[in-house]
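Engineer: sequence? don't have it. structure:
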């Protein structure tokens, strides 16, 4: 659902007396059950007041229908179309036998011009609905632009990235073959020494161990290697030790190497340095091309390009693709901690829109931490729902504005950095589109946004039953 049907600011309900004052301005029409009152794209879009029954408002997206709203007795639709003079932006269908009051644009303008209370109510509602429509259009445009960007990147980068990945693997083999062939014709070493040197170099370059990520650990390894090289009178020790340290070579292995190379170990050290440098460069190229391919794949996953908008989705996959897309904002000081539940079920959702929620919440968390801090992403199963939490170590949200953060265009960011639509869009996607909940708890140094999503969003008949039950409560 696009809107909260219980929001009386968006869906005001006129009294019977107010409806009676409007009847002389229009005409009453009767419609049977499931009649198409108005079709999307029709040039005329009158204003309809529901006298009895219900109207179902929907848009067609490809072969599917997207439900926008229901209108019950006393409610109205078509106001924006009448006001702008544009065609029908959605279709209207009757639910059960309906009685409707139809007003044209001239009648609406006279009503507003008379400064009647009903006219003021209509104008206020139009403004609110127009604002909601604007924010929804902005959201759709963002997703559409992202889809186009992903499609363009995939098209432009996929083929060269694939070719580069293939070439880098072949180059890794080729660059290692060159020094090995040079060794084969080197007359300074006998065949036994050559075999030991070749086997040792291949084992070093092929082992999967990665260089340490901790700069202090890498520096300690360089110092140990520098001490060994200097104690063995190796010139340019300060240039060679970083190469060996990055490759994961240890002083004990160099001692073993010295024994394999014999008296001419000094030349062997430089030969081994050449092998390590070439292997490192080849790995860098392969890693870079892999990164390009991963980013293209992440963009395709993030926007769900060429896939159905509503489908069964793995929440963890959406979170990971979003984190990859947001890597440029996270890499310079934000530590991401993942606390993923192991029993998380898949959910049915508008996957592209759900990723927009993750983007907004991650972006807000990074801004609150001013680019430095810890962002914790948690997931767990909660009965028939899935719970996703984002906790940042930022400045927090003042208690006096917590109730306003979901308002359209409300933002605490300076001009040019925020539009005030991120949380508004996220709220509507979670609550109205998926039947979920979004909550926030905040204090300085710890702000948590919790998103609860049902595994199966409510069906349209369940929504209608809930509305009817709510109307019966209001009558009582």
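Structural biologist: Done, it's in. These numbers were taken from a predicted model, which means no experiment stands behind them. Numbers count the residues shown, from 1 in each chain.

Engineer: Please give the element, helix or strand, for the residue most central in space within the chain.
Structural biologist: Nearest to the mean C-alpha position of the chain, by C-alpha atoms, centre = their mean, lies residue 355 at 3.0 Å. Applying DSSP states H and E as the criterion places residue 355 in helix 351-368.

Engineer: Tell me the first helix or strand C-terminal of that helix.
Structural biologist: strand 373-382.

Engineer: Now do the buried residues in that next one.
Structural biologist: Neighbour-count burial for strand 373-382, counted by 16 or more other C-beta atoms under 10 Å, picks out 373, 375, 376, 377, 378, 379. Just so you know, the C-beta spots here come from the backbone N, C-alpha and C atoms, and that holds for glycine as well.

Engineer: Just the closest of those to residue 234, please.
Structural biologist: Of all these, residue 234 sits closest to residue 373, with 44.3 Å by C-beta to C-beta.

Engineer: Contacts only, for the closest residue to that closest one other than its chain neighbours.
Structural biologist: In space, and not counting its chain neighbours, residue 373 is closest to residue 393: 4.0 Å by C-beta to C-beta, 6 or more residues apart in numbering. Residues near residue 393 by C-beta atoms under 8 Å, 6 or more residues apart in numbering: 369, 373, 374, 375, 445, 446.

Engineer: hmm, try it at 7 Å
Structural biologist: Contacts for residue 393 (C-beta atoms under 7 Å, 6 or more residues apart in numbering) come out as 369, 373, 374, 445, 446.

Engineer: Need the pLDDT of residue 280.
Structural biologist: Predicted confidence (pLDDT) for residue 280: 78.

Engineer: I figured it was touching residue 246, is that so?
Structural biologist: Yes - if you go by C-beta atoms under 7 Å, residue 280 and residue 246 touch, sitting 6.3 Å apart.

Engineer: ok, the residue lying closest to residue 392 once chain neighbours are set aside to residue 157 distance?
Structural biologist: Residue nearest to residue 392 in three dimensions, not counting chain neighbours: residue 365, with 3.5 Å by C-beta to C-beta, 6+ apart. To residue 157, residue 365 is 29 Å away according to C-beta to C-beta, to the nearest Å.

Engineer: Could you check which of the two has the larger neighbour count?
Structural biologist: residue 365 (25 against 16; other C-beta atoms under 10 Å).

Engineer: mind listing what the residue nearest to residue 392 touches?
Structural biologist: Per C-beta under 7 Å, 6+ apart, neighbours of residue 365: 375, 390, 392, 394.

Engineer: next one: residue 310
Structural biologist: Contacts of residue 310 (C-beta under 7 Å, 6+ apart): 348, 350.

Engineer: So it versus residue 223, what's the distance?
Structural biologist: Residue 310 is 58 Å from residue 223, by C-beta to C-beta.

Engineer: can you check residue 68 too?
Structural biologist: 67 Å.

Engineer: quick one: which of the contacts of residue 365 is most hemmed in?
Structural biologist: Counting neighbours by other C-beta under 10 Å, residue 392 leads the contacts of residue 365 with 25 neighbours.

Engineer: which residues of the stretch 51-200 of the chain score low on pLDDT?
Structural biologist: Residues of the stretch 51-200 of the chain that meet the criterion pLDDT under 70 lie in 61-65, 79-86, 130-155, 158, 172.

Engineer: Okay, strands next: where are they in it?
Structural biologist: 64-71, 76-77, 91-103 (DSSP state E, counting those that start in this stretch).

Engineer: could the contacts of residue 393 be laid out in JSON lines, adding distance to residue 238 and pLDDT?
Structural biologist: Putting the contacts of residue 393 into JSON lines (distance: C-beta to C-beta, whole Å; pLDDT from 0 to 100) gives the following:
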{"residue": "369", "distance to residue 238": "39", "pLDDT": "91"}
{"residue": "373", "distance to residue 238": "37", "pLDDT": "93"}
{"residue": "374", "distance to residue 238": "37", "pLDDT": "94"}
{"residue": "445", "distance to residue 238": "44", "pLDDT": "91"}
{"residue": "446", "distance to residue 238": "46", "pLDDT": "92"}
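
Engineer: with the residues you listed in mind, which one is nearest to residue 269?
Structural biologist: For those, the nearest to residue 269 is residue 374 (43.4 Å; C-beta to C-beta).

Engineer: The closest one reaches residue 337, doesn't it?
Structural biologist: Yes - the pair residue 374 / residue 337 is scored as a contact, 6.2 Å apart, by C-beta under 7 Å.

Engineer: Pop the domain breakdown of the chain in here.
Structural biologist: According to automatic domain parsing, the chain comprises the domains 16-115, 152-296, 307-464.

Engineer: Now the ones you listed in JSON lines, please, with extra columns for distance to residue 127.
Structural biologist: Converted to JSON lines, the domains of the chain look like this (distance: least, C-beta to C-beta, whole Å):
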{"stretch": "domain 16-115", "distance to residue 127": "10"}
{"stretch": "domain 152-296", "distance to residue 127": "37"}
{"stretch": "domain 307-464", "distance to residue 127": "11"}
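
Engineer: ok so, going back, I'd like the distance between the residue nearest to residue 373 and residue 370.
Structural biologist: 11 Å.

Engineer: what's the neighbour count on residue 456?
Structural biologist: Residue 456, neighbours per other C-beta under 10 Å, totals 13.

Engineer: does the closest residue to it other than its chain neighbours sit in a helix, a strand or a coil?
Structural biologist: Residue nearest to residue 456 in three dimensions, not counting chain neighbours: residue 348, with 5.8 Å by C-beta to C-beta, 6+ apart. State at residue 348, reduced to three classes by DSSP: H, G, I helix; E, B strand; the rest coil: strand.

Engineer: From residue 454, how far out is residue 348?
Structural biologist: Distance from residue 348 to residue 454, by C-beta to C-beta: 9 Å.

Engineer: Compare those two (neighbour count), which wins?
Structural biologist: residue 454 (18 against 15).

Engineer: unless I'm mixing things up, the more buried one is touching residue 386, no?
Structural biologist: No - Residue 454 is beyond contact range of residue 386, at 8.0 Å (criterion: C-beta under 7 Å).

Engineer: coming back round to it: closest to residue 36 out of the strands of the stretch 51-200 of the chain?
Structural biologist: That would be strand 91-103 among the strands of the stretch 51-200 of the chain, by C-beta to C-beta, at 5.5 Å.

Engineer: now the angle from that closest one to strand 64-71?
Structural biologist: Calculated by axes from the mean of the first three to the mean of the last three C-alpha atoms, to 10 degrees, strand 91-103 forms an angle of 30 degrees with strand 64-71.

Engineer: List the neighbouring strands of strand 91-103 plus their orientation.
Structural biologist: Applying DSSP bridges, strand 91-103 is found paired with strand 27-31 (antiparallel), strand 36-38 (antiparallel), strand 47-61 (antiparallel).

Engineer: Need the nearest residue in space to residue 433, chain neighbours excluded.
Structural biologist: Closest to residue 433 by C-beta to C-beta, 6+ apart is residue 350, at 5.8 Å.

Engineer: Quick check: pLDDT value at the one you found.
Structural biologist: In this prediction residue 350 is given a pLDDT of 79.

Engineer: State the distance from it to residue 90.
Structural biologist: 17 Å.

Engineer: What segments of the stretch 301-450 of the chain are strands?
Structural biologist: Secondary structure of the stretch 301-450 of the chain, counting by DSSP E, counting those that start in this stretch: strands at 310-313, 334-339, 347-350, 373-382, 385-392, 437-443, 446-454.
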